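**Q** take this sequence and fold it.
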Amino acid sequence: MTSPRTLASRSAIIALLACALAVASAAPGVVEPTTGISSDVFDNIRSQGRRLSEIIRAGLPAPELRSALGGRIARARPEPTVRGRSLAAKKICEWNPCGADEEDCEDCDLKASVVYDFKPETPEGRTGFDILEPIVTCMDITLEEECKMKPSCIWYTDETPGYCDGDWNSINTAPVPASACTAAEKVDVTMTTLIAREAIACQKFQTESTCNAAQGLTCEWEDGMCSVGGLKFFLDLVTGSAKDLHTIVALGRQADACATKTTQSTCAAVTECAWNSGTSLCDVADATVKSIAGVENLSGVLSKWNTCQSKSQTDCTGDCKWANGNCELTSKKVSETLVDGMSDGAFKTFIADGTYCTNSRASDRTTSQASLSSCYTSGGKYENGTSLPGDCVISDEIKHVVAGKPECFYFPGESWFEAILKAPYPGYDKRCPNVMDRFMIKDEQCQKASTKAECGTGNYKECLWKEYPDDEGGNRCEFNGEYIWKLIVGDVDGDHLISIMSSCGKQSSEAACGAFEKDIDFFGLKYPDKSKVKTTLGFANIDSMDKSNAEELQKAVADAVGGDVKADEIAVKGVQFPVESKIELSTSKSEIDKDRAGFETKFKTGLAADLGVLPSDIVIKDIKESSRRRRGLLSSHVQVDFEVDGAPDAVRAKALASQVQSAGGLSSLKTNTGATPTIPAGTTPSYELRLDVEPVSSDPNGVAAKLNTATITMGGQTAKVETKAKVEKNTAVLYPPPPPPSPPPGVSAANGAKILTEEMDRVRTVERKPGESPALKLTEILNFTPPGDLEQYVELNHPAVLWVLDADKDGMFGEEDIHSFAWMMGEYTKDWPQYQWRDQIKGFCYMQLYDRVLSNDGAGGDSVQNARNAPQWLKDLEATRPPAPDDPKNPAAGTGMPAFQAWMEMVIEENSPRTFDHDDFPGTVYVERDTMHDLYCMFQVNKCWGTFGKRNFQDFLCWLQNDAEVKGLLPLDDDELDDFVPMETVRDMVEDIMRGYRCINVHVNTE
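**A** This is a model prediction of the structure:
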C-alpha cells in the first residue's frame, strides 16, 4: 500500500472522512460469464473500485486538523441564554478534563455558545460567518426531525430529552459565498467535491438504523460508523449526468412494447399507446411521451425522436432507423444531439460513446449472465459494426436504471475513471474554493519550505513543522491547523477566534477556566457608535456573482443611502439563485391535511433525491387544490408551489429548473408521496439572484428607511427589495446598564425610553391620516424588536402578552403602554434566573388573561394581588393599571370572554382600514387577508399545527372561509370576497382558541 505520506496533500484535505468511501475490494454483483468476455474487463472495473477507495482514503485529515476545527470547542448542550447579550466580559470557557489516552488535548475548552454569540468585526468576517451560521444556529432547533433534516446539524441523545447541535465537520465542504472570490479564483465542482460533501453529510448519523435510513443521502453503516455508499454514489453521479439519455431509452422501450400491437384494437387496449392511422402502426401516445419526458413542447433530441416515430418503414431514413418494429432515431444522432455544446472531457466521452451501449437495449432488463453477455457483445458496438473503445457491461452494481429496470452501462476505461473524478460536473458552474480547497492550497504552499528553520517564518509564517518519526515520508512543513478559522472568517476575525480559543487553553485549573472572561462582540468594539442594517435584494437577469459584482453592489448601496455608510464596510451575504416552480400531485388536499408535516417531509426528501439537492433546500410555499374551482373540496389533485434554495449560480439554477420540468424524472417524489407528479401546463420555472446586504451606520433607522425605497442597480439590473430592512442594534452603545430600581411606574431611564421610541418609529410603517394616533397597530407591533437582551425573552406574538401590553384596551399599542410594560417586566424578572425570563413573562401575562377573561365569570381574582410574596410595587401597579372592570365606555375593558372578543375587534378595526360591509350581507363586517395573516401570527397557529414556519396560512384562511360558507356568511363563488373572512367567524375562532387556553390552566400557584 502506498504510504499516505507520498500521496499529494494527504493532510491537506480537511474533510473528516474517517468513514472513508469504503468501496468493496471487488466490485460486488459483477457476474463473470464463463466464455465470451475477457476477465481483464472485470479486473479493470475491480481495480477502479479499489482506486476510488484509495483516492478518498488519501484525503483523511491529520488529528491536529480535527482538533483545530472542533476539538477546541466544548461538545456540551448549549446554554439557553446565549444570543443578544449586551457587550460585556463574559465567561467563555468550560472545564473538560482530557482522558488518559487523548493526545493534543487541553482541559479547558471554549464554550460552544461563544462561537454562537460571536460578532465578527469585518465585512469579510460577517460574510464568512454565513458558513458558520447554519452550524451554530442548530442550537435554536428543538424538533428532532427538523434537526435531522438539516445537513449542518446533529441530534444528540446523550441527554434526555435529546438536543440539536452543529455538525462542525460540515464546515469543510460548506459553500463559500460567491461574492468572496474573483472569477479567476473560482474552481470546478467535481465528482470528488460531491463525494466529499456526501461523505461528511453521512457522518453525522450515530447509529446503524439512522444511517441506513438517511433520507436524501447515500449512506451505509460500515465498521461501526456511517459512511457514504462509495461505489453506489459514484455510479449515481455518473448515471445522473445522463438523464436525457435515460429519457430516450425509456421512450424506445415503450415504443418497442407498442410496436408489438399490430391492430388498432390491441393498440387501443394499452393506455400508453396510440394508433397512427397514417402509418397503420401502434406508436407511443403523446401523453405518454410527455409523462416520460416531462415537457409540454418537445424540443431538441426529443423533437427529432418524435418525428422519427411518426414515420412508416419506407420513410424511416436519414437520421431515423427501423428497429424492433418501429422507426426510431439513430444512436448516432442521439449521441450527437446529447453532447452538442458540451465541452470535451470525461462526461462527453461517457455520453457520446455510452449512447450506443445503453440505447442498444441489448440487455433483457435484468443483470443476469445472459444480459451481461448481450451488453458486452451486441451492445458494445457503433451502428456501423465497429467496437466501442470501452466496455459495455451490466451487473447488480454497475448499470443504468431506466424506468426502474437495469440497462447496459458503458465503461470507457482506466484513464476515463481517473479523469471523470476531476472533471467539471455537468449542471454546475465554477465556485469559490471551500474550506477544504483553501486548506489544500495553503498546505501545498507550506510544503515548499524544506527546513524547520524556514517553516513558520516569512512566507511560511502560517505553517508549522511536523515530525513523523514512523513515516517513510519524513518530516515536513504543514499549514497550521489553528489558522483554519482565518480561512472561514478572514484574517482579522480569524485572529479573534484563535485568540479566545487559545485563552481558554492556557487556563490550567478548573477554577481559572470557569472564571475566565473576555469580550466577544468584536463588531461593537470596532464600531461602538454604529449598528448593522440588513435587507434582502433580488435581481432578475443576472447569472453570476463574484467579488467584482459585490464591490459594484457595495458602492451602489452606499451611494443610494448616503450618510456615513461606507462601501467597504458593507457585507454581501447569503448569495444564491433560488428556483421557483410548481408541481401537481394526484392526491387530495383533505388527504394531505391529515398529516401535513408528514407530507411535507416526504415531498422534500423525494424531490430532493430527484433533483440531487438536500431536503433542507426545498421550501414549500403553498399547497392548494389544483381544480379551477376555487377551494373546491372535491378536487383530486393538489398543486404544490415550492422553491429550491442553495443554487450558487445560474448554471446550477438552470439545471435544476430543467430537472423540475421533467415530470418523468420525478420517480423518488412519486415513490415517497404515493402520488403521480405532473407539471402544470404553461409552467416555466423561474430563478433570480438573491442576496443580503448589510451596511453599518450611526443612523441605522434612517438607513433602513432609505434601503426600503432606494433604487439600487447592479449589472444594469434594478434590485427588488425582498424583505424590509431590519436593524441589528449595537449592544455596545445602545443598551447601557439597567436603570436604578423602582423608577416611577411607566417611566424608564431616558436612554431606554429613547430606544423604545426609536423602535416604534422604525416599525410604524402604516401611513397615518392627519390627527390619527401614532400608537402602533397589530401589524406593526408584531415587527417590534425588544431591545438588547429582551428580544429573546419577550414573545410579542402571543395573545396574552399583547392583551397585557395594551393597558388601556384601545386596540393599539401606544408609547406609554410599551414603556410601562418594559419597566414592569424588568422589575418582575430581576429576581429570576435569566433563562427563566421568557417563561415567567409569558406566564405572568397568561395569569392576567386568565383572571380577567378566561375564568368562568371573568372574575377569577387577581394572581398578583392574591400572591402573598408578590412585591408591593407590583401589587400597587396592577391595582392602577386598566382595564377597569365593566367600563361602559369601553366594552373591551370589561371582564370575561365578551370583553376579549370586543378587544380583538378593536385590534382588527384599528389594524385593517379595509374591513367593509357587503351589499348582499348587511351588517356583516369582513376582515381582509393581511390582517388575517397578522392574527395567524398572533395566535401562533403554525405552532399549533406542528409545522415549520408560516407555510400553512393559506390553509388557515381557507378553513375559516369554508366555515363561513357553512354558516351562510361567505359564498365561495363570490370573487369579491376571495381574500376576506367575516368578523363573526373571527369572533368564533377567538372564542374557540381562548376556550382551549382556559382548558390548559391547572390552577397555577403564582406564589
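**Q** what's the domain layout of this protein?
**A** Following the TED database, one gets these domains for the chain: 87-97+105-220, 233-422, 531-570+695-728, 576-626+635-691, 747-886, 912-1006.
**Q** with distance to residue 897, mean pLDDT and mean neighbour count as extra columns, can I get the ones you listed in a markdown table?
**A** Yep, even glycine has a C-beta here, placed from its N, CA and C like the rest. Listed next are the domains of the chain as a markdown table, based on distance: least, CB to CB, whole Å; pLDDT from 0 to 100; neighbours: other CB atoms under 10 Å:
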| stretch | distance to residue 897 | mean pLDDT | mean neighbour count |
| --- | --- | --- | --- |
| domain 87-97+105-220 | 32 | 80 | 20 |
| domain 233-422 | 54 | 89 | 19 |
| domain 531-570+695-728 | 35 | 92 | 18 |
| domain 576-626+635-691 | 28 | 85 | 20 |
| domain 747-886 | 6 | 72 | 17 |
| domain 912-1006 | 6 | 73 | 16 |
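**Q** which one of those domains lies nearest to residue 516?
**A** Minimum separation from residue 516 across these (CB to CB) falls at domain 87-97+105-220, 4.9 Å.
**Q** for the nearest residue to residue 147 once chain neighbours are set aside, what is the enclosing helix or strand?
**A** Nearest residue to residue 147 in three dimensions, chain neighbours excluded: residue 164, at 3.7 Å (CB to CB, 6 or more residues apart in numbering). Using DSSP states H and E, residue 164 sits within strand 163-166.
**Q** swap in residue 523?
**A** Using DSSP H and E, the element containing residue 523 is helix 522-526.
**Q** how far does that helix sit from the chain's center?
**A** Here the centre of helix 522-526 is set off from its chain's centre by 29 Å, with CA atoms, centre = their mean, to the nearest Å.
**Q** and for stretch 358-370?
**A** 40 Å.
**Q** which parts of the longest helix anywhere in the chain are buried?
**A** The longest helix of the chain (DSSP state H) is helix 484-505. Of the residues in helix 484-505, 484-490, 493-498, 500-501, 503-505 count as buried by neighbour count, 16 or more other CB atoms under 10 Å.
**Q** distance check, the closest residue to residue 793 other than its chain neighbours against residue 756.
**A** With sequence-adjacent residues excluded and distances taken as CB to CB, 6+ apart, residue 793 is closest to residue 837, at 4.0 Å. The span separating residue 837 from residue 756 equals 18 Å under the rule CB to CB, to the nearest Å.
**Q** same question, residue 829
**A** Separation of residue 829 from residue 756 (CB to CB): 17 Å.
**Q** again with residue 338
**A** With CB to CB as the criterion, residue 338 and residue 756 are 64 Å apart.
**Q** one more: residue 809?
**A** Using CB to CB, residue 809 is found at 20 Å from residue 756.
**Q** go on, residue 773?
**A** Residue 773 is 17 Å from residue 756, by CB to CB.
**Q** residues contacting the closest residue in space to residue 504 that isn't next to it in sequence?
**A** The shortest distance from residue 504 to any non-neighbouring residue, by CB to CB, 6+ apart, is to residue 93 (3.9 Å). Each residue near residue 93 by CB atoms under 8 Å, 6 or more residues apart in numbering is listed here: 108, 109, 110, 111, 503, 504, 507, 513, 514, 516.
**Q** dump the residues you listed to JSON lines, plus secondary structure and distance to residue 323.
**A** Below are the contacts of residue 93 laid out as JSON lines (DSSP: H, G, I helix; E, B strand; the rest coil; distance: CB to CB, whole Å):
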{"residue": "108", "secondary structure": "strand", "distance to residue 323": "74"}
{"residue": "109", "secondary structure": "strand", "distance to residue 323": "68"}
{"residue": "110", "secondary structure": "strand", "distance to residue 323": "68"}
{"residue": "111", "secondary structure": "coil", "distance to residue 323": "69"}
{"residue": "503", "secondary structure": "helix", "distance to residue 323": "74"}
{"residue": "504", "secondary structure": "helix", "distance to residue 323": "72"}
{"residue": "507", "secondary structure": "coil", "distance to residue 323": "77"}
{"residue": "513", "secondary structure": "helix", "distance to residue 323": "77"}
{"residue": "514", "secondary structure": "helix", "distance to residue 323": "79"}
{"residue": "516", "secondary structure": "coil", "distance to residue 323": "78"}
